[in-house]
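Asker: Based on what follows, work out the 3D shape:
(4 chains)
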Number of protein chains: 2
Amino acid sequence: MPRRVDTEQQRTDIAHAVWRLAARAGLEAVSLREVAAEAGVSMGRVQHYFRTKEEMLLHGLRLALGRMEDRISGRLRHRSSADAEDVLRSALEEMVGGDQDTRQAIRVCVAFYPRALEDPHVADLLFGDDDVLHALAADVVRAAQADHRAAPELDPDQEARVLWSVVNHLGTEVAFHRLPPDQARATLRYHLDRVLGPRPDTAPA
Amino acid sequence: MPRRVDTEQQRTDIAHAVWRLAARAGLEAVSLREVAAEAGVSMGRVQHYFRTKEEMLLHGLRLALGRMEDRISGRLRHRSSADAEDVLRSALEEMVGGDQDTRQAIRVCVAFYPRALEDPHVADLLFGDDDVLHALAADVVRAAQADHRAAPELDPDQEARVLWSVVNHLGTEVAFHRLPPDQARATLRYHLDRVLGPRPDTAPA
DNA sequence: GTTCTTACGATGCGATCGCATTGCCACGGG
DNA sequence: CCCGTGGCAATGCGATCGCATCGTAAGAAC
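Answerer: You can find the predicted model right below:
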């Protein structure tokens, strides 16, 4: 086996170019030639690492999603201990945060939305984590109720859905420059405080 | 002036084909030839009514948005009198409703999102009405507070932003088959009742 | 009827698309 | 040392893209 190269790094570099193009101007802007130019490599190289355009696009999407998850868990690693609410708040703050990577990742996701209609593989990637986030949010509401912080008449499932919607849409508005990040964060915190009661301070982030 | 034809109708027919294609598979699926085929007309006809593809796309988007507005005001015409809350609720219920046209219109809007980043004309069309909706929602919250239905400590502006996010994202989830319409409506009503207090019955829709 | 203008259908052009093919070149194993 | 294979760059192909051009059929105006 001669002439070995860091294959995974090359794939990631190219996928990153896909990601930037898609975030900048949608999937229409993503062609093999454009990706090659953006990544500063030849078109042959792109084709060497991805047999089809579809495969390349999917890898780009995976990269974007993976980056977001990494940044969320990165937020948690700065804490000594994390309960469910910490995890939830970290995820939410990350999504509405002004982080450039996250914004771009969200735009990439939106760009893939139409594809999710006809391609279940894309749909899985895009929406695969929604259920666990929903369950987590509902659990946090229940926990707050048990602590007598949240009103007992709240429906945890509905509140989870509302919260998920708020975060998703605020994140999208930030990503598309329709809302400044700090305003989005303010709205998110306002809503969380109204639902869960103000955060009992266990060392703020 | 010879050979007159219902020009506006022709334009609308073609724009409707644009709309269906974009709703089905995103802007990538919209080419002059595809539009002509979908509309059942020749490509020459399409070019006769729209000098550029861009112009055609914009007209398609305008059509989609206009249809939604028409359906919202259609809901209001069935009522004897409409106060601000009626208007708001009509708009919101329409957006999360299962209406096939509305779903498609929302998908078209999402398909245009990436373009809004670089084309301010598209951005105006897509987001031009957001401010009035936001103001309306905030007013309704204030009115509910004046009626002692909503809690006085609510921040009407923040609640309006939360509400707008909830509706937008629920509508998107319905449009992309990620949530059944009645569940979205249930969540919307749950949230409205929590914020405004239950609707005092002035003849339900 | 002639004329003029609108309303197209048909066709062609250059660019770009995704993809397949070809071949060189750098290395590691024998 | 030299084969052989992995890692590319280069090029070509057929399809499709948006758009421009050209021809013509169908009516109003006279």
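Asker: Next, give phi and psi for the closest residue to residue A:23 other than its chain neighbours.
Answerer: The shortest distance from residue A:23 to any residue that is not its chain neighbour, by CB to CB, 6 or more residues apart in numbering or on different chains, is 3.8 Å, and that residue is residue A:104. Using the backbone N, CA and C atoms, a C-beta is placed for each residue, glycine as well. Here the main-chain torsion angles of residue A:104 (degrees, to the nearest 10) amount to phi -60, psi -40.
Asker: contacting residues for residue A:104?
Answerer: With CB atoms under 8 Å, 6 or more residues apart in numbering or on different chains as the criterion, the residues that contact residue A:104 are A:19-20, A:23, A:64, A:175.
Asker: and the one helix or strand residue A:105 maps to, anywhere near DNA strand C?
Answerer: Taking DSSP states H and E as the criterion, the element that holds residue A:105 is helix A:100-118. No: counting by CB under 7 Å from any atom of the strand, no contacts exist between helix A:100-118 and DNA strand C, the nearest distance being 13.6 Å.
Asker: Flag every buried residue along that helix.
Answerer: Of the residues in helix A:100-118, those buried by neighbour count under the rule 16 or more other CB atoms under 10 Å in any protein chain shown are A:101-117.
Asker: other SSEs contacting whichever helix or strand comes after it?
Answerer: Reading on from helix A:100-118 to the C-terminus, the next helix or strand found by DSSP H and E is helix A:120-127. Contacting helix A:120-127 under the criterion 3 or more CB pairs under 8 Å, 6 or more residues apart in numbering or on different chains; DSSP states H and E are the following elements: helix A:53-77, helix A:100-118.
Asker: Show residues contacting helix A:120-127.
Answerer: For helix A:120-127, the surrounding residues in contact (CB under 8 Å, 6+ apart) are A:58, A:61-62, A:65, A:109, A:112-113, A:115-117, B:178.
Asker: Isn't residue A:173 up against residue A:183?
Answerer: No: shown here, residue A:173 and residue A:183 do not form a contact pair, counting by CB atoms under 8 Å, at 9.2 Å.
Asker: picking that back up, quick one: the residue nearest to residue A:23 and DNA strand D, what's the gap?
Answerer: Using CB to the nearest atom of the strand, to the nearest Å, residue A:104 is found at 25 Å from DNA strand D.
Asker: do the same with residue A:17
Answerer: Here residue A:17 is placed at a distance of 13 Å from DNA strand D (CB to the nearest atom of the strand).
Asker: what do you get for residue A:121?
Answerer: 23 Å.
Asker: Please apply the same query to residue A:112.
Answerer: If you measure residue A:112 against DNA strand D using CB to the nearest atom of the strand, the figure is 20 Å.
Asker: Quick one: residues contacting that residue.
Answerer: Residues in contact with residue A:112 (CB under 8 Å, 6+ apart) are A:22, A:27, A:57, A:61, A:122, A:125-126.
Asker: Can you go through those residues and name the buried ones?
Answerer: Neighbour counting by 16+ other CB under 10 Å classes A:22, A:27, A:57, A:61, A:122, A:125-126 among these as buried.
Asker: Helices along chain A, start to end?
Answerer: Secondary structure of chain A (DSSP state H): helices located at A:7-25, A:32-39, A:43-49, A:53-77, A:84-96, A:100-118, A:120-127, A:130-146, A:156-175, A:181-196.
Asker: Out of these, which is closest to residue B:167?
Answerer: Of all the helices of chain A, it is helix A:156-175 that lies closest to residue B:167, at 8.1 Å by CB to CB.
Asker: hang on, the earlier thing: wait, which of the contacts of helix A:120-127 is closest to residue A:48?
Answerer: The closest of the contacts of helix A:120-127 to residue A:48 turns out to be residue A:58 (CB to CB; 16.9 Å).
Asker: And the residue of chain A that's closest to DNA strand D?
Answerer: With distances taken as CB to the nearest atom of the strand, chain A approaches DNA strand D most closely at residue A:44, which sits 2.4 Å away.
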